[in-house]
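Engineer: can you look at this prediction? I've put the sequence above it.
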Amino acid sequence: MESLSLQDAERRFGAGRPETRGLICVVGAGPKALATAAKSQVLRELGVDAPRVLVVEPYDVGANWTAVGGRTNGRPRLSTSPEKDLGFPYASRGHGAEIDAAVNTRMQEFSWTAFLVSSGRYAAWVDAGRPSPRHVDWAAYLRWAAENIDFPLVSGWVRGLETSGGQWEVTVEGSAGGSAVLWADRVMISGPGPHDGRLASDAVCSIEEFWRLGLDTTLVDPSVAVVGGGETAAAVVEDLIRQHSGRTTVISPYPVVFSRGEGFFENALYSSPERWRELPERDRREVIARTDRGVYSPRAIEAIATEAAVLYQQGTVTAVRRAGAQVELTLHNPGRAEHTCRFDVVIDATGARPDWFLDLLGNRARAALAAVVGDGPETAEALERLIRVDLSVDGLLPKLLLPTLAAYAQGPGFANLSSLGLLSDRVLAADRSTPAPTARPQISLPEGGKPV
């Protein structure tokens, strides 16, 4: 990893620089970015002409797995097996048998196992039964891998994405001040953006506030409501049962807290999604709902189930208001009358906006995206139907890679940590990818802003 100042990054990746040709600019230094950068390095070292990767990150590598990123305090345990690491499932294809085998072998240098061996902890981890690591340990693994991967890292926030001359114009605000404009042939959005809590009220504790500040220590055994039915909520509940003895109530629209399916057949669809596109929409949605969206991992269920102080209420929160020292929630369930309930603390764990990156797009980029979406708004639901085999938006040039929206069209593992090796194969083989899922003309916008 090579840390670049804004000035050095602009000198190397500014307008007209040859280094920008073929370059993939990744927003966020998380697992998807590192998996892609590691695979790019391995392919290039083996003589394959693979795209290079530039990463822009405001905090640090793996920040979303530490308290710095505001999505955890580092204590919760990873819900995915750590052996589903940067190279998993180690099944690269398309370069010939000899090179494919070499890629799969070389990627093991960046594996979770290699990390533990390098720090002398492998035997202890195996002897302990291969436990799920805490988030902070997973972040340490990602930082270790980054130190061994050849890619430039720019410290800053991406504040704008615009198309110009067949490339992406990426505006970066530096973490230490200043700004720069970088150019790339492709942009990849690697993870969630700012948390978009759905309970817009100053009476509610956001997920960032909870992880950074914890509960109000002046409250004695407070009653706490955690709104949300997915792994974000699960991590909050697990942390709560460790730090206080008051009552915790989970609130979500589902009839129960569902446990994520982790049998052989579910996992096989993540690791080998070849038959995914043969499934009808109903079956795809059912698999995603059963294994990824709005579910708790079996390990989280086991930890929570032993706590009698954890309760559950079904409902969608339609109103929030202060009621003296408490917070009153109004819950709606179809076919039933609305009802209210009160808590000392309410934590919004409903998750991040999947289409947060749309706010970064400039006028030309937004118009080009609207043209490929067609009738209706450019929502996450509309975009997820347009994700190509290479995880880019079908019909849009220059390419915008959206693995976090790829579950419906390409396979459930691309949106999370379950098939990072396949993700990097798809992204880096973009120029050799199979035809798009639908026949659609490529659309780009010149400086005048009209489709060509």
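Structural biologist: Nice, I can see it.
Engineer: for stretch 111-123, list every residue counted as buried.
Structural biologist: For stretch 111-123, the neighbour count (16 or more other C-beta atoms under 10 Å) marks 111-112, 114-116 as buried. Heads up, the C-betas are built off the backbone N, CA and C, glycines and all.
Engineer: wait, is Ala225 part of a strand?
Structural biologist: Yes - counting by DSSP: H, G, I helix; E, B strand; the rest coil, Ala225 falls inside a strand.
Engineer: can you name the element that comes right after the worst-scoring helix or strand of the chain on mean pLDDT?
Structural biologist: Using mean pLDDT, DSSP states H and E, the weakest-scoring helix or strand in the chain turns out to be strand 258-259, at a mean of 68. Sequence-wise, the next helix or strand downstream of strand 258-259 (DSSP states H and E) is helix 264-271.
Engineer: quick one: mean pLDDT for whichever helix or strand comes after that following helix?
Structural biologist: Of the helices and strands lying after helix 264-271 in sequence (DSSP H and E), the nearest is helix 281-291. The pLDDT scores in helix 281-291 average 81.
Engineer: repeat that for stretch 334-346.
Structural biologist: The model assigns stretch 334-346 a mean pLDDT of 93.
Engineer: list the buried residues in it.
Structural biologist: By 16+ other C-beta under 10 Å, the buried positions in stretch 334-346 come out as 341, 343-346.
Engineer: what's the most distant pair in the residues you listed?
Structural biologist: Farthest-apart pair in the buried residues of stretch 334-346 is Cys341 and Val345; separation 12.9 Å (C-beta to C-beta).
Engineer: on that earlier part again, restricted to strands, list the buried residues of stretch 334-346.
Structural biologist: Within the buried residues of stretch 334-346, residues falling in strands by DSSP state E are 341, 343, 345-346.
Engineer: of all the buried residues of stretch 111-123, which comes closest to Asp8?
Structural biologist: Distance to Asp8, by C-beta to C-beta, is smallest for Phe115 among those, at 29.0 Å.
Engineer: now for the closest one: which residues touch it?
Structural biologist: Shown in contact with Phe115 (C-beta atoms under 8 Å, 6 or more residues apart in numbering): 140-141, 144-145.
Engineer: make CSV out of those residues and add pLDDT and secondary structure.
Structural biologist: Shown next, in CSV, are the contacts of Phe115 (pLDDT from 0 to 100; DSSP: H, G, I helix; E, B strand; the rest coil):
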residue, pLDDT, secondary structure
Ala140, 98, helix
Tyr141, 98, helix
Trp144, 98, helix
Ala145, 98, helix
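Engineer: Throw these into a markdown table and include neighbour count and distance to Asn333, thanks.
Structural biologist: Below are those laid out as a markdown table (neighbours: other C-beta atoms under 10 Å; distance: C-beta to C-beta, whole Å):
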| residue | neighbour count | distance to Asn333 |
| --- | --- | --- |
| Ala140 | 19 | 43 |
| Tyr141 | 25 | 42 |
| Trp144 | 18 | 47 |
| Ala145 | 26 | 45 |
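Engineer: export these to JSON lines and tack on distance to Thr291?
Structural biologist: JSON lines is the format used below for the contacts of Phe115 (distance: C-beta to C-beta, whole Å):
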{"residue": "Ala140", "distance to Thr291": "27"}
{"residue": "Tyr141", "distance to Thr291": "23"}
{"residue": "Trp144", "distance to Thr291": "29"}
{"residue": "Ala145", "distance to Thr291": "26"}
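Engineer: sorry, back to before: any residues in contact with both of Cys341 and Val345?
Structural biologist: Common contacts of Cys341 and Val345, defined by C-beta under 8 Å, 6+ apart, comprise Ala225.
Engineer: could you report the distance from the spatially most distant residue from the centre of the chain to Val220?
Structural biologist: The C-alpha centroid of the chain is most remote from Gly324, which lies 38.1 Å away (C-alpha atoms, centre = their mean). Relative to Val220, Gly324 is positioned 16 Å away (C-beta to C-beta, to the nearest Å).
Engineer: could you do Ser201 as well?
Structural biologist: Counting by C-beta to C-beta, the gap from Ser201 to Val220 is 24 Å.
Engineer: higher neighbour count, the two?
Structural biologist: Neighbour count, other C-beta atoms under 10 Å: between Ser201 and Val220, Ser201 has more, with 15 against 9.
Engineer: give me the three-state assignment for that one.
Structural biologist: Assigned state for Ser201: coil (three-state reduction, three-state DSSP).
Engineer: contacting residues around it?
Structural biologist: Applying C-beta under 8 Å, 6+ apart to Ser201 gives the contacts 320-321.
Engineer: mind pulling up the pLDDT for it?
Structural biologist: 81.
Engineer: from Val227, how far out is it?
Structural biologist: Going from Ser201 to Val227 by C-beta to C-beta gives 11 Å.
Engineer: could you give me the average pLDDT of the helix or strand hosting Glu173?
Structural biologist: Assigned by DSSP H and E, Glu173 belongs to strand 167-174. What strand 167-174 shows for mean pLDDT is 98.
Engineer: just how off-centre is that strand within its chain?
Structural biologist: Taking C-alpha atoms, centre = their mean, to the nearest Å, one finds strand 167-174 lying 20 Å from the centre of the chain it belongs to.
Engineer: determine the set of other helices and strands touching whichever helix or strand comes after it.
Structural biologist: As assigned by DSSP H and E, the chain's next helix or strand after strand 167-174 is strand 179-184. For strand 179-184, the elements it packs on are helix 6-13, strand 24-27, strand 53-57, strand 152-164, strand 167-174, judged by 3 or more C-beta pairs under 8 Å, 6 or more residues apart in numbering; DSSP states H and E.
Engineer: how about strand 179-184: buried residues?
Structural biologist: Those would be 180-184, for strand 179-184 by 16+ other C-beta under 10 Å.
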